[in-house]
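Asks: No letters, just coordinates:
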């Protein structure tokens, strides 16, 4: 940020992490998973939270950050059909449908957004939740 970039997006552990606004620019430490297509036998970490993420909608006016909004999503952990773990080249409906992201709704959306807001708090970032979306409250 000090060198002039307007946004930083990082990815590492397949988990949702917080967001920091540094000098008026967002740093996304990790927004979670959006694609997660590996057979269940190869998954080491299989907590429910690895199947949940948020999608960020960032709006700038020129170089000035105007808003950062979030929509929670979840991925289908089970897939359709049965996994064929023995033939990696098979046309496998299970692996084609597993982990497809969908918008989270209701209690699940609220849970994801509340957890996300708590992850942002240590960075001094306030996240306001309204229904099934959230927004970072920017200081002007």
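Replies: Structure's in. What do you need? Just so it is clear, the model here is predicted, and its values are computed rather than measured.
Asks: next SSE after the least confident helix or strand in the chain by mean pLDDT?
Replies: When the helices and strands of the chain are scored by mean pLDDT, DSSP states H and E, helix 93-97 comes last with a mean of 65. Next helix or strand after helix 93-97 toward the C-terminus (DSSP states H and E): strand 101-103.
Asks: So which bits of that next one are buried?
Replies: residue 101 (16 or more other CB atoms under 10 Å). From N, CA and C alone the C-beta is placed, and that goes for glycine too.
Asks: now do stretch 101-110
Replies: 101, 104, 109-110.
Asks: what is the rounded mean pLDDT of that stretch?
Replies: The pLDDT scores in stretch 101-110 average 93.
Asks: what about that stretch, distance to the chain center?
Replies: Chain-centre distance of stretch 101-110: 12 Å, with CA atoms, centre = their mean, to the nearest Å.
Asks: same question, stretch 10-24
Replies: Centroid displacement of stretch 10-24 relative to its chain, using CA atoms, centre = their mean, is 10 Å.
Asks: Residues contacting it, please?
Replies: Under the contact criterion CB atoms under 8 Å, 6 or more residues apart in numbering, stretch 10-24 has outside partners 1-2, 26-33, 36, 45, 49-50, 52-54, 56, 64-65, 68, 112, 115-116, 119-125, 127, 136, 138.
Asks: and if you look at stretch 69-78?
Replies: Stretch 69-78 is contacted by residues 33-34, 36, 51-57, 59, 97-104, 108-109, 112-113, 116, 127, 132-136 when judged by CB under 8 Å, 6+ apart.
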